[in-house]
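Asker: the sequence isn't on hand, but the structure is:
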């Protein structure tokens, strides 16, 4: 009852923490619901398959599960025969997917999934897609297409495949997407088998089919059914899902950090303002344990109420986030919003947990308040930092500096995350050490105004010096708001300068032939451009042991087929130093590689060279890749400026180096800018709410001081100016610290980008974003403080 009474009586003090919990839980709820809804779903074309039999799964260089290793035709044949004996299975389909895209009017027909749109006719049975007109394909020049394409049965259709444009006769249409060729033709395009579909008979028991199939497969692969069939996803859907999850994960991490950071600071502020009240309770006989329980109980109530409201608000806001992600084109086409229990429970537990933990940290010190504190000025309680805070602040500062240094040396995939974590750590360090900085900063910033007749600067300085911890709690959300705004906008600006410059330097003096409307470059385009780099990428599997029965998982990696005479010697491979170290290989050693067709080839390591992204980490002869991966598409072709590049084949474009660098960067720049803008809005918006709450709480806590000042001759105008001045001073200190904590990570990132791009990359800040964040924070702080102070003065004037 005491807890409920305190919450009711001091509702204004807890309102700020309640609002912070509500917003934080709403953000976490929204991101978790969308994250859960983004999980892979079974593709429509596998709806008719009771189960899918998949090959052995390989691992990447770090040991994480990755691609599955295709069966070769000699391996798939006996396996298919064994699966055909499974009771309840009416058809066993060797499912193959490869590049196929119609060409009309001299242009490729738009198709996001073109890279995997080609199939053998038997794959139409896995949906199943039924014939609407015509018949199944039999010859190598026949095709069945989606009726939505509008191609009439008997008409000729130009289809772009890996080899280039080819004329086919449309012999049928189906009620689903894709291009369906004869099984013989499909086996030539994609010899390796990545999946075997089991088509059940009417009324067949899926469980029995799976059990019998597992026995038939043995150690040659695995069997998935039900939701497990979602493992097979088109590359373009996986790419969209990856981008969307990256964005959602960043929002969730930022939201969680900001929630913990803001709620903790607000609870510390609220508890610190009750020091005399707690001293009075101690005078009346309350034990330290009772004080701790009271503070924890109040925080639990506030956290629970904020979490319940936050979960409801988060669910309501989910369609808005879905709409934003749709606008960025980072949501899978099969995504639908499902509200499961675990996102709500997780978000609510986070809200209550953060509130209780924050209150526990504040309550430990509050419980040690002596009874006489009810009669003493609070200067002694706020003037110094404890040893624990000093140690924590310095340790966190050292860790932040270490992470900032690591930003310069980390890989390209980890550099942004490292910069964000470094900034988070430095923000925490700044918050812990701010009480030491507030007093000197207050003296420095108010010194120019102390020569006048106004007592305002003196009062402001005295307030900061006398209550550095309370001032630090006010500064903390400003540091977060400005820090994240400067960091995220600075990362975008630095990358905007670095990457185009680096790419232009790499391709200087060359012309680039790129795909335009197609997922890659066909052999027809390569033939039209016989001079220049034309890397042919494939995914291949390194068999580390000579004994194939050792049971060790193969390692999957990107292999590039090159026509550069320096790297394309028959029977040899050229490795980068990092890849050679990961595979424990040296020059002269032999390595067994299994390609996409399931064939294994022994190669000699011809050379181990310094890492060079332009060359590749594992390079072999282009003809070797083409022989074992007929479906692979070529990357961009780099043609020397002395040779004329050709874009005569539909689906290609020619660029000079500068234009290519800009176009290549702009492909992802829009998404990067949108991601940064969303994260900035979240961080600054949430922190600004905290600034408004903390300023309002501080102004409300000074209502007794306002009465004393007014009784000694202070006018309402003077008190309002003092409130505005203190708010402005707090925001100024927070802005300076917010910028300071971002400089080391941004400098580290610029240094790392300089090394990667081999160009001079300096530190770049977005002054517009910095100005906007600081201005919004300043106006919010001043308005909140003035509103509460004015209301207090009106109430006092009424008495």
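Answerer: Good, I have the coordinates. What you see is a predicted model; the values in this text were computed from it and never measured. Numbers count the residues shown, from 1 in each chain.
Asker: identify the residue nearest the geometric centre of the chain.
Answerer: Computing the C-alpha centroid of the chain and ranking residues by CA atoms, centre = their mean puts residue 246 first, at 2.0 Å.
Asker: who are the packing partners of the helix or strand in which that one is found?
Answerer: Using DSSP states H and E, residue 246 sits in helix 235-272. Counting contacts by 3 or more CB pairs under 8 Å, 6 or more residues apart in numbering; DSSP states H and E, helix 235-272 packs against helix 11-37, helix 288-327, helix 341-366, helix 415-446, helix 468-506, helix 657-701. Where you see a C-beta, it was placed from the backbone N, CA and C, and this is true even at glycine.
Asker: recalculate using a threshold of 6 Å.
Answerer: Using 3 or more CB pairs under 6 Å, 6 or more residues apart in numbering; DSSP states H and E as the contact test, the elements touching helix 235-272 are helix 11-37, helix 341-366, helix 468-506, helix 657-701.
Asker: before we move on, the earlier item: give me the pLDDT for the residue nearest to the centre of the chain.
Answerer: Looking at residue 246, its pLDDT stands at 80.
Asker: grab the nearest non-local neighbour of it.
Answerer: residue 675 (7.9 Å; CB to CB, 6 or more residues apart in numbering).
Asker: do residue 134 as well
Answerer: With sequence-adjacent residues excluded and distances taken as CB to CB, 6+ apart, residue 134 is closest to residue 172, at 3.0 Å.
Asker: okay but that neighbour is in contact with residue 143, surely?
Answerer: No. With contact defined as CB atoms under 6 Å, residue 172 does not count as touching residue 143 (8.4 Å).
Asker: of these two, who's got more company?
Answerer: Set side by side, residue 172 and residue 143 show more neighbours around residue 143, with 25 against 21, by other CB atoms under 10 Å.
Asker: hang on, the earlier thing: just put the helices and strands packed on helix 235-272 in CSV and tack on mean pLDDT and mean neighbour count.
Answerer: Formatted as CSV, these follow (pLDDT from 0 to 100; neighbours: other CB atoms under 10 Å):
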stretch, mean pLDDT, mean neighbour count
helix 11-37, 82, 24
helix 341-366, 84, 20
helix 468-506, 77, 25
helix 657-701, 74, 20
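Asker: next, format these as CSV and append distance to residue 591.
Answerer: Formatted as CSV, the helices and strands packed on helix 235-272 follow (distance: least, CB to CB, whole Å):
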stretch, distance to residue 591
helix 11-37, 39
helix 341-366, 44
helix 468-506, 28
helix 657-701, 32
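Asker: where does the stretch 501-650 of the chain dip in pLDDT?
Answerer: Scanning the stretch 501-650 of the chain with the threshold set as pLDDT under 70 gives 501-507, 545-552.
Asker: mind listing the helices for it?
Answerer: Along the stretch 501-650 of the chain, the stretches classed as helices by DSSP state H, counting those that start in this stretch are 523-528, 577-583, 622-628.
Asker: helix, strand or coil: sort out residue 199 for me.
Answerer: Following DSSP: H, G, I helix; E, B strand; the rest coil, the label given to residue 199 is strand.
Asker: now swap in the one 5 residues further on and tell me
Answerer: Under the three-state scheme (three-state DSSP), the conformation of residue 204 reads as coil.
Asker: pLDDT wise, what is the closest residue in space to residue 482 that isn't next to it in sequence at?
Answerer: Leaving aside its chain neighbours, residue 482 sits nearest to residue 738 (2.9 Å; criterion: CB to CB, 6+ apart). You'll see residue 738 listed with a pLDDT of 90.
Asker: one more: residue 418?
Answerer: pLDDT for residue 418: 83.
Asker: what separates it from residue 617, distance-wise?
Answerer: 22 Å (CB to CB, to the nearest Å).
Asker: neighbours of residue 517, just the number please.
Answerer: 17.
Asker: wait, it touches residue 108, no?
Answerer: Yes. Using CB under 6 Å, residue 517 is in contact with residue 108, at 4.4 Å.
Asker: between those two, which contacts overlap?
Answerer: residue 651 (CB atoms under 6 Å, 6 or more residues apart in numbering).
Asker: hmm, back to that, what about the residue nearest to residue 482, is that helix, strand or coil?
Answerer: helix.
Asker: kindly report the same for residue 762.
Answerer: Counting by three-state DSSP, the backbone at residue 762 sits in coil.
Asker: pLDDT score assigned to the closest residue to it other than its chain neighbours?
Answerer: The shortest distance from residue 762 to any non-neighbouring residue, by CB to CB, 6+ apart, is to residue 750 (6.0 Å). We have a pLDDT of 81 for residue 750.
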